[in-house]
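Asker: okay, predicted coordinates and the sequence, questions at the end:
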Amino acid sequence: MLLFLHGGGYELGSVRSDGELAARLARAGGMRVLFPEYRLAPEHPFPAAIDDVLAAWRWLCAEQGLNATSMAVAGDSAGGGLAVALLVALRDAGEALPAAAVLMSPTVDLTSSGASMTERADQDPISTPDMLRQFASDYLAGADPKTPLASPLFASLSGLPPLLIQVGTADLLLSDSERLAAAAAEAGVDVALQTGEGLPHVYQLLLGTPEAAEATERIGKFLRARVR
């Protein structure tokens, strides 16, 4: 089972925007997929989204009787941040972790402190620094932006399952992926960072492009090797 968490700055997104990607990744990994539509800001700020994701995971384990080792989690953008937050929350609660996680351009630092927020501002065709800061502000609603379950870059990453991180270089959030990969490796996590030169934020969504096809194939291979 693949638990897929959509992006959209914690304010946007649904099965309509990300459902095709979720289904494609699940097919590539030979898995079924569950796509929860978690509550969105600003009406439902932090921690509503992570609370909903935790509830979905626990439903799979307790109500559906699935073994954690037969599951993986994947997410893009804000969904990637939620995926890491889910892993951290489960570990801290002493609960079983999924076998692996796939993170596509994950949002893991709501302080917007990454170097790429300025260095890539003229390359990113999708996001602007002001837009990302507004999404973060709306989601946090006054919470500390370094709160680990909101910005899991600042969490302890020890004990997490294998991670596959994919990101394009024409992405304001490039530094989120780079710093997350470095922190995970330092914590002893099995992590692979795959960087697409000149590719935009969540380029995996671009169905029909060779870049999305290659990313899908790599994700499928990663999942098949780790999920039993």
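Answerer: Everything's here; your move. Nothing here was measured: the structure is a model prediction, and the numbers come from that model.
Asker: what's in contact with the lowest-mean-pLDDT helix or strand in the chain?
Answerer: Within the chain, no helix or strand scores below helix 116-119, which has a mean of 93 by mean pLDDT, DSSP states H and E. By C-beta atoms under 8 Å, 6 or more residues apart in numbering, the list of residues contacting helix 116-119 from outside reads Pro129, Leu132, Asp171, Leu172, Leu173, Leu174, Ser175, Asp176, Glu178. C-beta: built from backbone N, CA, C; applies to glycine.
Asker: swap in stretch 182-193?
Answerer: Taking C-beta under 8 Å, 6+ apart as the rule, stretch 182-193 contacts 153, 156-165, 167, 177-178, 181, 222.
Asker: again, 6 Å this time
Answerer: Here stretch 182-193 makes contact (C-beta atoms under 6 Å, 6 or more residues apart in numbering) with Leu157, Ser158, Leu160, Pro162, Leu163, Leu164, Ile165, Ala181.
Asker: could you do stretch 71-78 as well?
Answerer: For stretch 71-78, contacts defined as C-beta under 6 Å, 6+ apart pick out 1-5, 7-10, 25, 82-83, 98-102, 104-105, 107, 202, 223, 227.
Asker: buried ones only from the contacts of helix 116-119, please, as a PyMOL command.
Answerer: PyMOL command restricting those to the buried ones, with burial defined by 16 or more other C-beta atoms under 10 Å:
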select buried, resi 132+171+172+173+174+175+176+178
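Asker: which of the contacts of helix 116-119 fall within strands?
Answerer: The members of the contacts of helix 116-119 all map outside strands under DSSP state E.
Asker: so of the contacts of helix 116-119, which ones are in helices?
Answerer: Counting by DSSP state H, these place Pro129, Leu132, Leu174, Ser175, Asp176, Glu178 in helices.
Asker: just give me the neighbour total for the closest residue to the first one other than its chain neighbours.
Answerer: Read that as Pro129. Spatial nearest neighbour of Pro129, excluding adjacent residues (C-beta to C-beta, 6 or more residues apart in numbering): Met117 at 5.3 Å. Neighbour count for Met117, taken as other C-beta atoms under 10 Å: 22.
Asker: for Asp171, see how far away Met117 is.
Answerer: Look at Met117 and Asp171: by C-beta to C-beta, to the nearest Å, they are 10 Å apart.
Asker: which helix or strand lies directly C-terminal to the longest strand along the chain?
Answerer: Longest strand in the chain by number of residues, with DSSP E as the criterion: strand 191-200. Using DSSP states H and E, the helix or strand that directly follows strand 191-200 along the chain is helix 210-226.
Asker: what's that next one packed up against?
Answerer: helix 15-29 (3 or more C-beta pairs under 6 Å, 6 or more residues apart in numbering; DSSP states H and E).
Asker: what is the rounded mean pLDDT of the helix it packs on?
Answerer: For helix 15-29, mean pLDDT is 98.
Asker: out of the contacts of stretch 71-78, name the ones that lie in strands.
Answerer: If you go by DSSP E, the contacts of stretch 71-78 have Leu2, Leu3, Phe4, Leu5, Ala100, Ala101, Val102, Met104 in strands.
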